[in-house]
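[1] Please find the sequence and the predicted model below.
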Amino acid sequence: METLIFKNRLKEVRKQENLSQQELANMVGVSRNTISSIERGKFNPTAKLALILCIALNRKFEDLFYLE
């Protein structure tokens, strides 16, 4: 079976919303470093954080996160 990699479009969507990493971090209650790590694919958010990010950015889960 092929290994799937969890990826995201967080940086792209954050920039569309004209938000800095710090502003998004403040909105969802995490550090700027956490947002940076998620964007770079170094950290996978918990299901709870992923849903909070979707709500904060007004996007569906599949618009932010996908498997490749």
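    Cool, the structure landed.
[2] looking only at pLDDT, what's the mean for stretch 35-52?
    Across stretch 35-52, the average pLDDT comes to 96.
[3] just how off-centre is it within its chain?
    Mean-position distance between stretch 35-52 and its chain equals 5 Å (CA atoms, centre = their mean, to the nearest Å).
[4] which stretches of this structure form helices?
    Listed in chain order, the helices of the chain (DSSP state H) span 10-16, 21-28, 32-39, 47-57, 61-64.
[5] what would those look like in a markdown table with mean neighbour count?
    Quick note: C-beta positions are derived from backbone N, CA and C, even for glycine. Output for the helices of the chain, formatted as a markdown table (neighbours: other CB atoms under 10 Å):
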| stretch | mean neighbour count |
| --- | --- |
| helix 10-16 | 15 |
| helix 21-28 | 16 |
| helix 32-39 | 18 |
| helix 47-57 | 16 |
| helix 61-64 | 14 |
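[6] which residues touch stretch 15-33?
    Under the contact criterion CB atoms under 8 Å, 6 or more residues apart in numbering, stretch 15-33 has outside partners 14, 34, 35, 36, 39, 49, 52, 53, 56, 57.
[7] rerun that using 10 Å as the cut-off
    Contacting residues not belonging to stretch 15-33 are listed as 9-11, 13-14, 34-39, 42-43, 45, 49, 51-59 [CB atoms under 10 Å, 6 or more residues apart in numbering].
[8] still on that earlier bit, just send the helices of the chain back as JSON lines, with distance to residue 2 too.
    Output for those, formatted as JSON lines (distance: least, CB to CB, whole Å):
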{"stretch": "helix 10-16", "distance to residue 2": "24"}
{"stretch": "helix 21-28", "distance to residue 2": "32"}
{"stretch": "helix 32-39", "distance to residue 2": "23"}
{"stretch": "helix 47-57", "distance to residue 2": "23"}
{"stretch": "helix 61-64", "distance to residue 2": "20"}
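[9] and residue 4, which of the ones you listed is closest to it?
    Shortest distance between residue 4 and the helices of the chain, using CB to CB, is found for helix 61-64: 14.3 Å.
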